[in-house]
Each structure stands twice: as C-alpha cells, then as structure tokens.
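Undergrad: Next come a sequence and a model predicted from it.
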Amino acid sequence: MPIEIERKFIARAEELPRPELSTRLEQGYINRDKATVRVRISGDVCYLTIKGAVQGKSRLEYEYPIPLDEGRELLELLCRRPVIEKTRHLIDHAGHRWEVDVFDGENEGLVMAEVELDDEDELVELPAWVGREVTDERKYSNASLAKRPFIEWTAEERAES
C-alpha cells in the first residue's frame with residue numbers, strides 16, 4: 001500500500017539556493033470528497049493521482065501516468081478552477097530532497113517547501129530558507145488552494161505566509 005509521509009513549510013524565495021532541477025506544473029482537482037483526485041501536468045508528462053485523508057503526516061497515495069492529451073482534456077473539462085500553477089524546484093539539503101513550489105496565477109506570492117519522509121518520526125535538518133511549519137494547516141494544501149486561492153486570503157492570513 002503506497003503511503004506518502006511529508007512535512008510542509010513556508011519558504012523564503014529570496015533565500016533559496018540554486019535548485020538541482022526546476023519543472024513547471026499545472027494541476028487540477030476533480031474530486032475532494034472521501035479522496036482527492038488530482039490531474040497533474042509536469043513538463044510533457046501527466047499523472048492521475050488519488051490521495052486518501054491525511055492521518056498525522058501520512059496518507060495513502062496512488063499515482064498513474066496518463067496520456068498528455070487526456071490530461072489536458074481532464075484539466076480543461078473536469079477540474080475545478082483555479083488550476084494550480086507553479087514551478088517546482090528540487091533542492092538537496094542534509095540528506096533529503098526538498099520540493100519547493102513557487103506559485104503563480106491566483107496563488108502568486110506563496111512559496112512552500114515540503115520534504116517526503118520514510119517514517120513520521122524521521123529527523124530532518126531544516127534548511128535556513130524554511131520558516132514556519134504548516135503540515136497540519138489544511139489551507140496550505142494544493143486542493144484547498146484550488147478552492148480558496150492565496151489572492152482571496154485576508155491580509156492577516158497572507159502575513160502568516
């Protein structure tokens with residue numbers, strides 16, 4: 001059974017080191033009831049992902065490659081708006097690979113860093129460019145940002161980021 005374990009943080013874009021790799025992503029959400037169903041285009045490949053409810057820092061995750069033209073069609077016809085637009089930077093730090101998402105579109109101004117773990121209790125050395133941990137704050141999930149994007153947040157909510 002595939003399980004995703006991750007921690008999420010606010011990141012400071014101006015302090016990021018040079019990434020190992022950067023990729024443009026677009027993703028949309030078809031369903032968010034019992035499970036989250038996501039379509040993601042990453043460069044010239046596309047995936048359909050099904051994620052279960054978060055329990056602690058873990059959740060079930062199933063991911064399947066699908067044809068790019070079908071992914072574009074699903075994104076256009078079935079996904080709620082706004083579609084999440086971001087550039088993902090991969091940065092290695094102290095034995096972990098960090099995914100840093102710099103959001104565009106209706107979530108512009110938000111920069112998030114996440115690290116996947118093998119175990120919920122795994123120790124992680126935090127890089128200097130990460131700030132507050134937001135793993136348990138649902139509003140920072142991509143599915144939530146597709147429902148209530150960063151541009152709709154209050155000044156107080158934005159100041160936390």
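TA: Now that the structure is in, tell me what you want to look at.

Undergrad: For residue 131, which three-state class applies?
TA: Secondary structure of residue 131, reduced to three states by DSSP: H, G, I helix; E, B strand; the rest coil: strand.

Undergrad: Number of residues surrounding it?
TA: A count of nearby residues for residue 131, using other C-beta atoms under 10 Å, gives 16. For glycine as for every other residue, the C-beta is placed from the backbone atoms N, C-alpha and C.

Undergrad: Same question for residue 130.
TA: Under the criterion other C-beta under 10 Å, the count of neighbours that residue 130 has is 24.

Undergrad: ok, what's across the strand from it?
TA: With beta bridges defined as DSSP bridges, residue 130 has these partners: residue 11.

Undergrad: right, and it touches residue 113 too?
TA: Yes. In this structure, residue 130 is within contact of residue 113 by C-beta atoms under 8 Å, at 5.1 Å.

Undergrad: Now the common contact residues for those two.
TA: Residues within reach of residue 130 and of residue 113 at once, by C-beta atoms under 8 Å, 6 or more residues apart in numbering, are 9-11.

Undergrad: In a markdown table, list those along with neighbour count.
TA: A markdown table is the format used below for the shared contacts of residue 130 and residue 113 (neighbours: other C-beta atoms under 10 Å):
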| residue | neighbour count |
| --- | --- |
| 9 | 23 |
| 10 | 17 |
| 11 | 24 |
